[in-house]
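Asker: pasting a predicted model and its sequence here:
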Amino acid sequence: MTKSSKRPPAGLPDKDTLVAFLREAGSAEKTDIARHFGLKGGDRRALREMIRELEAEGRLGKRGRKGFSEAGALPPVGVADVIERDGDGELYVRLVEASPDAPHALLIPDKTKAAPGLGDRLLVKFQRGADGWEARLIKKLDVGTNRVLGVIRKSARETRVEPVDRRSKDMLLVPQAQSGDLRDGDLVLAAIEKGDQRYGPKRGKILEHIGKEDDPRAASLIAIYTHSIPTGFSEAVEREAEDQELPTLKGREDLRDVPFITIDPADARDHDDAVYAVRDEDPRNEGGWIVWVAIADVAAYVRPGSQLDREAREKGNSTYFPDRVEPMLPEVLSNGLCSLKEGENRACLAVRMVFDKDGRKTGHRFVRGLMRSHAKLSYEQAQAAIDGQTDDATGPIMEAILYPLWNAYHAMLKGRLKRSPLQIESAERRIRMAPDGGIASIEKRTSLEAHRLIEEMMIQANVCAAETLEQKKTPLIYRIHDAPSQEKIFNLADFLHTIGKPWNKGEPGTTKRFNKLLDETRDTEHADVVNEVVLRTQMQAIYSPENVGHFGLNLDRYAHFTSPIRRYSDLIVHRGLIRALNLGKDGLTDREIAELPAIAEQVTTTERRSMAAERDAMDRYIAAYLEEHIGATFAGRITGVTRFGLFIRLEDTGADGLVPVSTLGSEYFTHDDRAHALVGERTGKRFTLGRMVEVKLREATPVTGGLVFEMLSEPEPRDPNAPAPRYGIRGRGGDGPAMRGKNRPGGPKPRNGSRPSGGLKGVRKGKRK
């Protein structure tokens, strides 16, 4: 009922007054209406008749079991389902208990919360907008738990949806009315229908047709929908991006004569950063270097509170797949006006850093400038030039640009080695796509000195940003990486004991101590497994307005500044610098400062979302590539040991798959979590973490990314220091019951392609430190 304190005149209202009351109240039952107007006796009977007439005229509608509302009206607050996405990517919701012809409302998301997706159930606030009903998100109620992304499987009798999630075994039965236009192999998004059924398959409703299972792009499409990666941009954002103007010198320092160059992957389309180095002529800094890092001035185009800003914040970062990119900014900016293209004037925020001959930074200053890139090089191209193989692009700039850059880096490297950041080596793979959308090859990424040069210069620029904002007492979002927990250190010590490498459990895990361990084992048979276990021991880096330092880089303060085209965190740091140094009116606002904790949480969430989507797409592409090689044998390494099997990473492709414990033989195996091994209960023979093995590919399922292997290598002999095995004992060897090969007692079968708890995650060099 209305909250107005003024009582209406007693007596039966006319129809317009009654409709006006319901419009204001949202909805009301007959007794509430009668009480509001002070109706009794005959007037109440007349009210019931009036309501029936208004229903017949189409001016009133039912709301719930007993309530009424203005026809086509929505309540002030209600529970709604996300039921549609239009061509611009906008989402629409419908009240849960509404009739099928009830109005849909445009969803206005809360940018501080994770973006909803099709099938999500939400609590929303409804209001009339200029173009119809709008629904403002209050909170998610089930975060999409009733959505299923799957593949249509048709038979003569029924149509079902097979989930692409390898952890799910439930298939949905599609109603006959919806199955007519569906074809076997269609990729669809379905919603689980809620009902009272207790037996048989769950029933599903098709929400959206996405594509085909055999489409070369299916791996990326599945990852995008599974992880709710925002795609595309609204018309308003595209228009705003296209309306931006070319940069001028107004309010900027002219840096066009500084011979910056960009060094990026060969297939890069956006160029965030450019570098230049020159020997310092100051006699007080003999042997020192001046290093410039110029970064695209995205803040000049993406201003606080704009449509561009809101969608960039929702996306949080760009997401990269083998066949596509889902960018944070529209292409006209990310690949155009913001990208530091060769020979074109570009707005930049640059830092001039001074290093002494030992790589110690002695000073820096930021400028907002106008620059022009003098050359665009790939990592391979720059490295080849330094190694003596110049080309038309690198030959003319060797003396003036490339040699000084490398000499400056070698000085900076002295400071890096003294700082002793964590020296974990991470093997990366790259999928090369064929012109037809298929997979041409899967290759190991080669780590070049050119990669390390750019990485170190970006790290130092990021440090300068954090230092400047702290000095100016301007709040910021740090990139923090906490030290490993004591529990992780204890687990590492337990494992190292099994390979004869002592680590005192009371010994702190510093970067120097980790590096000492890595150096001691680098040329031994244990090098790879120690590298992987040290990686597994580390915490995940996150964004936070509270600083705890960056353990992996061994830095007291660190912020992301160098990639604002593809990371919203960096854009916030740019705005902070603009505000702190009075470089313009488009700096960090008071409102953004108040929202920094929420923004940090948001961009941490979107980064992890993108990492999961990228990893899942990679798994599916590799499974599709290997599907033609079922039955082939491969060399691999045991990278995970669980009670239900061994996880194997193939040497050539980096593919990860499972050897189920049920295929290891006829004896019982127990999981020794301290030794990271599966141990035969009768013989004591072992399969241990890090061991090289030979496996045969038995299954490859592209739609889930799952690979199943058969172990061909024999287990290692029993550990002579371990207690003698006792045949038939069914106790625990680690974290689970004894397991027998082909007749494993109890428990669910391992799910194809499942990951071990605490499994290894690839780190894209220079991207997410």
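Answerer: Okay, I see it.

Asker: all contacts plus neighbour counts: C-alpha atoms, from now on.
Answerer: OK.

Asker: where in the stretch 351-500 of the chain is pLDDT low?
Answerer: Of all residues in the stretch 351-500 of the chain, none has pLDDT under 70.

Asker: heading C-terminal from the strand or helix carrying residue 532, find the next helix or strand.
Answerer: Assigned by DSSP states H and E, residue 532 belongs to helix 527-537. For helix 527-537, the following helix or strand on the C-terminal side (DSSP H and E) is strand 542-544.

Asker: counting by contacts, list what that following strand packs against.
Answerer: strand 478-480, helix 596-626 (3 or more C-alpha pairs under 8 Å, 6 or more residues apart in numbering; DSSP states H and E).

Asker: which residues does that strand contact?
Answerer: 477-481, 569, 597, 600-601, 603-604 (C-alpha atoms under 8 Å, 6 or more residues apart in numbering).

Asker: can you map out the helices along the stretch 201-350 of the chain?
Answerer: Taking DSSP state H, counting those that start in this stretch, the helices of the stretch 201-350 of the chain run over residues 218-226, 235-242, 307-315, 331-332.

Asker: which of the ones you listed has the lowest average pLDDT?
Answerer: When those are compared on mean pLDDT, helix 218-226 scores lowest, with a mean of 86.

Asker: now the helices of the stretch 201-350 of the chain as JSON lines including distance to residue 443 and mean neighbour count?
Answerer: Output for these, formatted as JSON lines (distance: least, C-alpha to C-alpha, whole Å; neighbours: other C-alpha atoms under 10 Å):
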{"stretch": "helix 218-226", "distance to residue 443": "18", "mean neighbour count": "23"}
{"stretch": "helix 235-242", "distance to residue 443": "36", "mean neighbour count": "16"}
{"stretch": "helix 307-315", "distance to residue 443": "29", "mean neighbour count": "22"}
{"stretch": "helix 331-332", "distance to residue 443": "28", "mean neighbour count": "18"}
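
Asker: where do the helices sit along the stretch 1-150 of the chain?
Answerer: Using DSSP H, counting those that start in this stretch, helices in the stretch 1-150 of the chain cover 15-25, 30-37, 42-56.

Asker: now render the ones you listed as a markdown table, adding distance to residue 500.
Answerer: Output for the helices of the stretch 1-150 of the chain, formatted as a markdown table (distance: least, C-alpha to C-alpha, whole Å):
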| stretch | distance to residue 500 |
| --- | --- |
| helix 15-25 | 75 |
| helix 30-37 | 79 |
| helix 42-56 | 83 |
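
Asker: of the ones you listed, which is nearest residue 90?
Answerer: For these, the distance to residue 90 is smallest for helix 15-25, at 26.8 Å, taking C-alpha to C-alpha.

Asker: now the angle from that closest one to helix 42-56?
Answerer: Interaxial angle of helix 15-25 relative to helix 42-56 (axes from the mean of the first three to the mean of the last three C-alpha atoms, to 10 degrees): 80 degrees.

Asker: put the alpha carbons of helix 15-25 into PDB.
Answerer: The C-alpha atoms that make up helix 15-25 are tabulated as PDB, following Å, rounded to 0.1, in the frame of the first residue of the first chain:
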ATOM      1  CA  LYS A  15     -11.800   3.600 -11.900                       C
ATOM      2  CA  ASP A  16      -9.000   6.200 -12.700                       C
ATOM      3  CA  THR A  17      -8.400   6.800  -9.000                       C
ATOM      4  CA  LEU A  18      -8.200   3.100  -8.300                       C
ATOM      5  CA  VAL A  19      -5.700   2.500 -11.100                       C
ATOM      6  CA  ALA A  20      -3.600   5.500 -10.000                       C
ATOM      7  CA  PHE A  21      -3.500   4.100  -6.500                       C
ATOM      8  CA  LEU A  22      -2.200   0.700  -7.700                       C
ATOM      9  CA  ARG A  23       0.300   2.400  -9.900                       C
ATOM     10  CA  GLU A  24       1.800   4.100  -6.900                       C
ATOM     11  CA  ALA A  25       1.500   1.100  -4.600                       C
END
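
Asker: give the buried residues for it.
Answerer: The neighbour-count check on helix 15-25 (16 or more other C-alpha atoms under 10 Å) flags 18-19, 21-25 as buried.

Asker: swap in stretch 706-726?
Answerer: By neighbour count on 16+ other C-alpha under 10 Å, the buried set for stretch 706-726 is 706-711, 715, 718.

Asker: follow-up on the earlier one: how about the helices of the stretch 1-150 of the chain in JSON lines, adding distance to residue 564 and mean pLDDT?
Answerer: Listed next are these as JSON lines, based on distance: least, C-alpha to C-alpha, whole Å; pLDDT from 0 to 100:
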{"stretch": "helix 15-25", "distance to residue 564": "46", "mean pLDDT": "80"}
{"stretch": "helix 30-37", "distance to residue 564": "56", "mean pLDDT": "82"}
{"stretch": "helix 42-56", "distance to residue 564": "56", "mean pLDDT": "85"}
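
Asker: where does pLDDT dip in the stretch 1-150 of the chain?
Answerer: For the stretch 1-150 of the chain, residues meeting the criterion pLDDT under 70 lie at 1-10, 25-26, 62-66, 72, 87-89, 97-102, 111-114, 119, 142-146.

Asker: mind checking what secondary structure the spatially closest residue to residue 627 that is not a sequence neighbour has?
Answerer: Once flanking residues are discounted, residue 627 sits nearest to residue 700: 5.2 Å by C-alpha to C-alpha, 6 or more residues apart in numbering. Taken by DSSP: H, G, I helix; E, B strand; the rest coil, the conformation at residue 700 corresponds to strand.

Asker: where's residue 700 relative to residue 631, distance?
Answerer: 10 Å (C-alpha to C-alpha, to the nearest Å).

Asker: next one: residue 77
Answerer: Residue 77 is 58 Å from residue 631, by C-alpha to C-alpha.

Asker: do the same with residue 644
Answerer: 22 Å.

Asker: of all the helices of the stretch 201-350 of the chain, which lies closest to residue 378?
Answerer: Using C-alpha to C-alpha, the nearest of these to residue 378 is helix 331-332, at 21.0 Å.
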